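A.B. asks: this is a predicted model, with the sequence first.
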Amino acid sequence: EDRHKAIVMDPKGYSARILPGGKYITKVNKVTGEERKLLIERVLGFFWMIKDLRLTNDKPVLPNTSLIPADRAKVLPTLNNIQTLRMEFVSLPAYIKGNGCTLLAVSFKQFGFDMLPSWMEPFRRQVVPNTSSAKILNLHMTLNGDGYLYRWFLKPMMVQKFQSTTPVEEHDTTLLHFGPDPEQFRDALRMHNTLTGYVCLLDALGRVRWMSSGKPASEEEIAILIDCAKDLCDTSSSINDGTAFPGQHPQRGKRTAHRISSR
């Protein structure tokens, strides 16, 4: 199974019930108790994503309360044909490997895109200025955007819009993906609901070490993200300057462990 099992789903939401593969859900016959595997839309209706956000307060994926241990973390699934606003094509996770920590923000619709600054801006203020190994990537994905109309008309318009509304210094970290729905990528990261936004904290090897969705529900959620990022940057710096050895994990989880124990 390619799913990242350390990702925490809100059990109240529909997203938590979706079976591996991202297309089916189990329905139980109330009379016989028989279980059947049916398409999501057939069981939940075509507007299930809206209902899912209502049930989870826009957060089908709940934030981890500390760093996912390295031995449980999985590398970000490969995603190709990504275009930066500098008109360069890159791939993930290759584009981020080597950074001490990377905050990857992912959206599919404007509603989700507008949520992401609530995570990115605190990260930009509190983490990025203090280390050269931290980075923010803002990825917007247009699903099924590979048809003639998208390729020759809508895609150029969208690229131009992003270029005109994004500061020039962020053009190499703002990423666009057009093409067929990357179902395996979305399913592995439990990004079933494409209306909301998602954030992943990645380490230097491209492993997902923390994840959430929607907007922060509290200042504490932001504080945990910042602490996790600083822990990853500390570990990367220690390894790079020779003060740590392979297999050791200096500073891992210190800040978040202290925060959790002091509640």
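C.D. replies: Perfect, thanks for sending it.
A.B. asks: contacts only, for the nearest residue to Gly21 once chain neighbours are set aside.
C.D. replies: Closest residue in space to Gly21, ignoring its immediate chain neighbours: Asp187 at 6.2 Å, by C-beta to C-beta, 6 or more residues apart in numbering. C-beta here means a position set from N, CA and C on the backbone, and glycine is covered the same way. Counting by C-beta atoms under 8 Å, 6 or more residues apart in numbering, Asp187 touches Asp2, Arg3, Pro20, Gly21, Gly22.
A.B. asks: and Asp187, what element?
C.D. replies: helix 183-188 (DSSP states H and E).
A.B. asks: can you pull out the residues in contact with the next helix-or-strand element following that helix?
C.D. replies: Beyond helix 183-188 in the direction of the C-terminus, DSSP H and E gives the next helix or strand as strand 198-203. With contact meaning C-beta under 8 Å, 6+ apart, strand 198-203 is reached by 61, 70, 73, 76, 93, 96, 99-107, 112, 116, 119-120, 189, 191, 208-213, 225, 228-229, 232, 235-236.
A.B. asks: if we use 6 Å, what do you get?
C.D. replies: 96, 102-106, 119, 191, 208-213, 228, 232 (C-beta atoms under 6 Å, 6 or more residues apart in numbering).
A.B. asks: can you show me the CA trace of the helix holding Asp187 as PDB?
C.D. replies: Taking Å, rounded to 0.1, in the frame of the first residue of the first chain, the C-alpha atoms of helix 183-188 are listed here in PDB:
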ATOM      1  CA  GLU A 183      -4.600   9.800  -8.500                       C
ATOM      2  CA  GLN A 184      -1.800   7.800  -6.900                       C
ATOM      3  CA  PHE A 185      -0.100  11.000  -5.600                       C
ATOM      4  CA  ARG A 186      -3.400  12.300  -4.100                       C
ATOM      5  CA  ASP A 187      -4.400   8.900  -2.600                       C
ATOM      6  CA  ALA A 188      -1.000   8.300  -1.000                       C
END
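A.B. asks: what mean pLDDT does that helix have?
C.D. replies: Throughout helix 183-188, pLDDT has a mean value of 96.
A.B. asks: now do the buried residues in that helix.
C.D. replies: Phe185, Arg186, Asp187, Ala188 (16 or more other C-beta atoms under 10 Å).
A.B. asks: what residue ranges in this protein are flagged as low confidence?
C.D. replies: Scanning the chain for pLDDT under 70 picks out 1, 145-151, 236-263.
A.B. asks: could you pull out the helices for the stretch 101-250 of the chain?
C.D. replies: 110-113, 117-126, 148-149, 155-165, 183-188, 219-240 (DSSP state H, counting those that start in this stretch).
A.B. asks: for Met87, which of these is the nearest?
C.D. replies: Minimum separation from Met87 across these (C-beta to C-beta) falls at helix 155-165, 8.1 Å.
A.B. asks: wait, which of the contacts of strand 198-203 is closest to Lys27?
C.D. replies: Distances from Lys27 to the contacts of strand 198-203, taken by C-beta to C-beta, are shortest for Met191, at 22.7 Å.
A.B. asks: so what's that closest one closest to, chain neighbours aside?
C.D. replies: Nearest residue to Met191, sequence neighbours excluded (C-beta to C-beta, 6+ apart): Tyr198, at 5.5 Å.
A.B. asks: with that, I have no additional questions.
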